[in-house]
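*Asks:* structure of the sequence below:
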Amino acid sequence: MGYKGVRRRQPKAGVADVVKCSVKEGDVKIRKQVVTAVIIRQKAEYRRKEGIRVKFEDNAAVLVNESFEPRGTQIKGPVAREVVERFPAIGKVASIVV
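*Replies:* Purely as a prediction, here's the structure:
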């Protein structure tokens, strides 16, 4: 969200970015809706400020409300440290922070 760029170019998003997306699988109440989400894991390798490179097994996002608090009560799998620094409410629900 908030991306301003070249016309017809697909904007890219990474860990700790806020995106608008549609729900493809899951609970019947949430499916086929446009929701706001925060990306917590990405498969593509990225570099941290300290110089280490991080990549995860899969891509994952957490659905959030208008104040960027998670709509769910549990997050399965690890969460990137960049997400917890930017959104502390997601860090409280996370089981593992990498």
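
*Asks:* what residues of stretch 39-52 count as buried?
*Replies:* When neighbours are counted by 16 or more other CB atoms under 10 Å, the buried residues of stretch 39-52 are found to be 39-42. Where you see a C-beta, it was placed from the backbone N, CA and C, and this is true even at glycine.

*Asks:* ends of that stretch, what's the gap?
*Replies:* Across stretch 39-52, the straight-line distance between its terminal residues is 20 Å, by CA to CA, to the nearest Å.

*Asks:* so what's the gap between that stretch and the chain middle?
*Replies:* Relative to its parent chain, stretch 39-52 has a centroid offset of 12 Å by CA atoms, centre = their mean, to the nearest Å.

*Asks:* can you check stretch 10-18 too?
*Replies:* Between the centre of stretch 10-18 and the centre of its chain there are 8 Å (CA atoms, centre = their mean).

*Asks:* let me know the helix or strand that the closest residue to Glu57 other than its chain neighbours is in.
*Replies:* Nearest in space to Glu57, with sequence neighbours left out and distances taken as CB to CB, 6 or more residues apart in numbering, is Lys43 at 7.2 Å. Taking DSSP states H and E as the criterion, Lys43 maps to no regular element, lying outside all helices and strands.

*Asks:* could you identify the most distant pair in the buried residues of stretch 39-52?
*Replies:* When the buried residues of stretch 39-52 are compared pair by pair using CB to CB, the two farthest from each other are Ile40 and Gln42, 8.6 Å apart.

*Asks:* now for these two: what residues contact both?
*Replies:* Common contacts of Ile40 and Gln42, defined by CB atoms under 8 Å, 6 or more residues apart in numbering, comprise 15, 80.
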